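Novice: all I have is the shape, not the residue letters:
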């Protein structure tokens, strides 16, 4: 019976807030769905600080967005909540009365909502090693902001299981062609060569993209980042050693079956005593993308995406990806922007 009681309590709180808002309306009140918790939070933040600038900082938003939220609430209630001049902000009589009510009711509603979200988990799928630093920061920020956890799930599949519902969102190093998916550019990674320690190449400090094609290439054809078509026609590797996951790839290189190509984060990790990782000076970049379903997506997938974009940009000293870097796979083909900016490895 506990879930029913919780639902009744949550519904009662929502109706109480609705009635409290209705009390201060001077005309027909718009539908309850027209006013969200963000509008009420915005109102309380401004009412407590009496400053749109300080309230925007406290809510981690910008001032124009905060101002729109206040205007939307005032329009919904058909009342003026603040008396504003160019120098000061003060609560109106109606605003003061509404603040007194919401200071009690809104924390109760938020607590009730949190109790229903306890145990929420976002499953983040990946196929190779996770990047250093920024992914961990994104996960920490996400968990702190939402109260939900993140489960890291390695899947040896091209789309890391996001197309099958095995994970909620996937971090991929390819330009996926996937119907019904939202694909968001994060940025690029560099590549490094993996060579057996017994190879003459292991004595080199740098290697070029072209000279790797002169050696047998160990290639993960299921979830790997490299294809023979990444080399110009006529200059492609003639011998391919196929495998199906990262572990097989690593052991085949260690056994001297060929050379491999990996994200350059391997240069900072000790993965195998029989494999040396060497920078590649002229290799094509590896695109990093987040992918989640357009329909039926996890409700927190977009929040994680935004936090991941911020974390990546901060760690790499770059601006966030432009709006045009988001692609929707409705037709199963990459958009013109995707085709122009991202190479399919």
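Specialist: Happy to help now that I have it. Since we're looking at a predicted model, the values are computed, not measured.

Novice: look at residue 153 and tell me its secondary structure.
Specialist: Following DSSP: H, G, I helix; E, B strand; the rest coil, we place residue 153 in the strand state.

Novice: again with residue 119
Specialist: The three-state assignment at residue 119 reads coil, by three-state DSSP.

Novice: tell me how many other residues crowd it.
Specialist: The number of residues packed near residue 119 is 8, by other CB atoms under 10 Å. In this view, the C-beta of every residue, glycine as well, is placed from N, C-alpha and C.

Novice: all strands for the stretch 201-345 of the chain, in order.
Specialist: Applying DSSP state E, counting those that start in this stretch to the stretch 201-345 of the chain gives strands spanning 217-220, 240-243, 260-263, 275-279, 286-293, 326-328.

Novice: show me the shaky parts of the chain.
Specialist: The chain contains residues with pLDDT under 70 at 1-34, 113-118, 176-177, 318-345.

Novice: and the residue nearest the centre of it?
Specialist: residue 305 (1.8 Å; CA atoms, centre = their mean).

Novice: can you pull the contacts of that one?
Specialist: When contacts are counted by CB atoms under 8 Å, 6 or more residues apart in numbering, residue 305 touches 169, 184, 290, 292.

Novice: can you count the residues close to the third one?
Specialist: Okay, so that is residue 290. Each residue near residue 290 was counted by other CB under 10 Å, and the total is 24.

Novice: that one against residue 308, yeah?
Specialist: Yes: between residue 290 and residue 308 there is a contact under CB atoms under 8 Å: 6.1 Å.

Novice: so what's in contact with the two at the same time?
Specialist: In contact with both residue 290 and residue 308: 171, 186, using CB under 8 Å, 6+ apart.

Novice: export the strands of the stretch 201-345 of the chain to CSV and tack on distance to residue 128?
Specialist: Below are the strands of the stretch 201-345 of the chain laid out as CSV (distance: least, CB to CB, whole Å):
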stretch, distance to residue 128
strand 217-220, 8
strand 240-243, 13
strand 260-263, 7
strand 275-279, 13
strand 286-293, 10
strand 326-328, 21
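
Novice: determine which stretch of these is the most buried.
Specialist: Mean neighbour counts were compared across the strands of the stretch 201-345 of the chain using mean count of other CB atoms under 10 Å; the top stretch is strand 260-263, at a mean of 26.

Novice: which helices and strands does that strand pack with?
Specialist: In terms of contacts (3 or more CB pairs under 8 Å, 6 or more residues apart in numbering; DSSP states H and E), strand 260-263 is packed against strand 191-196, strand 217-220, helix 246-254.

Novice: give the pairing partners of it; include direction for each.
Specialist: Using DSSP bridges, the strands paired with strand 260-263 in its sheet are strand 191-196 (antiparallel).

Novice: now do the strands in the stretch 1-150 of the chain.
Specialist: All strands of the stretch 1-150 of the chain, identified by DSSP E, counting those that start in this stretch, fall at 82-84, 89-91, 121-126, 149-154.

Novice: packing partners for the last one?
Specialist: Put plainly, it is strand 149-154. Going by 3+ CB pairs under 8 Å, 6+ apart, strand 149-154 lies up against strand 121-126, helix 134-146.

Novice: if we can go back for a sec, now render the helices and strands packed on strand 260-263 as JSON lines, adding distance to residue 129.
Specialist: Shown next, in JSON lines, are those (distance: least, CB to CB, whole Å):
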{"stretch": "strand 191-196", "distance to residue 129": "12"}
{"stretch": "strand 217-220", "distance to residue 129": "12"}
{"stretch": "helix 246-254", "distance to residue 129": "7"}
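
Novice: so which of those gets nearest residue 123?
Specialist: helix 246-254 (18.9 Å; CB to CB).

Novice: would you mark the buried spots in that closest one?
Specialist: 246, 248, 249, 250, 252, 253, 254 (16 or more other CB atoms under 10 Å).

Novice: could you do stretch 173-192 as well?
Specialist: Buried residues in stretch 173-192, defined by neighbour count with 16+ other CB under 10 Å: 173-178, 181-189, 191-192.

Novice: out of the strands of the stretch 1-150 of the chain, which one sits most buried?
Specialist: strand 121-126 (a mean of 21).

Novice: strand partners of that strand, parallel vs antiparallel please.
Specialist: Looking at strand 121-126 with DSSP bridges, its partner strands are strand 149-154 (parallel), strand 169-172 (parallel).

Novice: partner strands of the helix or strand just after the shortest one, parallel or antiparallel?
Specialist: Just to be clear, that refers to strand 169-172. Downstream of strand 169-172, the next assigned helix or strand under DSSP states H and E is strand 181-189. Strand 181-189 has the following strand partners under DSSP bridges: strand 286-293 (antiparallel), strand 326-328 (antiparallel).

Novice: in TSV: those, plus distance to residue 132.
Specialist: Shown next, in TSV, are these (distance: least, CB to CB, whole Å):
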stretch	distance to residue 132
strand 286-293	12
strand 326-328	25
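
Novice: out of the ones you listed, which is closest to residue 61?
Specialist: Of the strands paired with strand 181-189, the one closest to residue 61 (CB to CB) turns out to be strand 326-328, at 20.8 Å.

Novice: same list (the strands paired with strand 121-126) but as TSV, adding distance to residue 58.
Specialist: Conversion of the strands paired with strand 121-126 to TSV gives the following (distance: least, CB to CB, whole Å):
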stretch	distance to residue 58
strand 149-154	26
strand 169-172	29
